[in-house]
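> predicted model and sequence follow; I will ask about them next.
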Amino acid sequence: MRRSDLPLVGLFATRSPRRPNALGMTVVRFLQRQGNMLYMEGLDALDGTPVIDIKPYLPDGDAVPNASVASWIAKDS
């Protein structure tokens, strides 16, 4: 972001809209995890579409009414 007060991180470590390829971004409701399988609802993708990255919900940057936040996110806010 060309800001000296922020750490230098790679493009894929951020939520930047300036990516080298077209990626979709969707906020989903996480239901459960069983081993290496994640179950969610509301994913805006076709069956078989790869999911490349998963980010936690951040109430300061995402706008979903009545969303719950993981305790490890909330205590740092």
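Great, that's in hand.

> the residue nearest the centre of the chain: helix or strand, and which one exactly?
For the chain, the residue nearest the mean C-alpha position is Lys55 (2.7 Å; C-alpha atoms, centre = their mean). Lys55 is part of no helix or strand, with elements assigned from DSSP states H and E.

> any weak-confidence spans in this protein?
Across the chain, the ranges flagged by pLDDT under 70 are 1-2, 10-22, 73-77.

> show me where it has strands.
29-34, 37-41 (DSSP state E).

> figure out which of those is closest to Asp5.
With C-beta to C-beta, the closest approach to Asp5 among these belongs to strand 29-34: 32.0 Å. (C-beta placed from N, C-alpha, C; glycine too.)

> tell me, how many residues neighbour Gln32?
Around Gln32 there are 8 other residues, counting by other C-beta atoms under 10 Å.

> return the distance of it relative to Pro65.
Using C-beta to C-beta, to the nearest Å, Gln32 is found at 22 Å from Pro65.

> what distance do you get for Val27 to Leu6?
Relative to Leu6, Val27 is positioned 24 Å away (C-beta to C-beta).

> ok, these two, which is more surrounded?
Using other C-beta under 10 Å as the criterion, Val27 and Leu6 rank with Val27 on top: 13 against 9.

> who are the contact partners of Ala70?
Ala70 is in contact with Pro56, Tyr57, counting by C-beta atoms under 8 Å, 6 or more residues apart in numbering.

> gap between it and Tyr57?
8 Å.

> with Gly48 instead?
For Gly48 relative to Tyr57 (C-beta to C-beta), the value is 25 Å.

> so between these two, which is more surrounded?
Neighbour totals were compared for Gly48 and Tyr57, and Tyr57 leads with 16 against 5 (other C-beta under 10 Å).

> is that one in contact with Val27, as I believe?
Yes. Using C-beta atoms under 8 Å, Tyr57 is in contact with Val27, at 6.6 Å.

> Val69: neighbouring residues, count only.
So Val69, with other C-beta under 10 Å, has 14 neighbours.

> what sits against it?
Val69 touches Pro56, Tyr57, Leu58, Pro59, Ser77, counting by C-beta under 8 Å, 6+ apart.

> quick one, phi/psi of it?
When read as degrees, to the nearest 10, the backbone of Val69 gives phi -130, psi 140.
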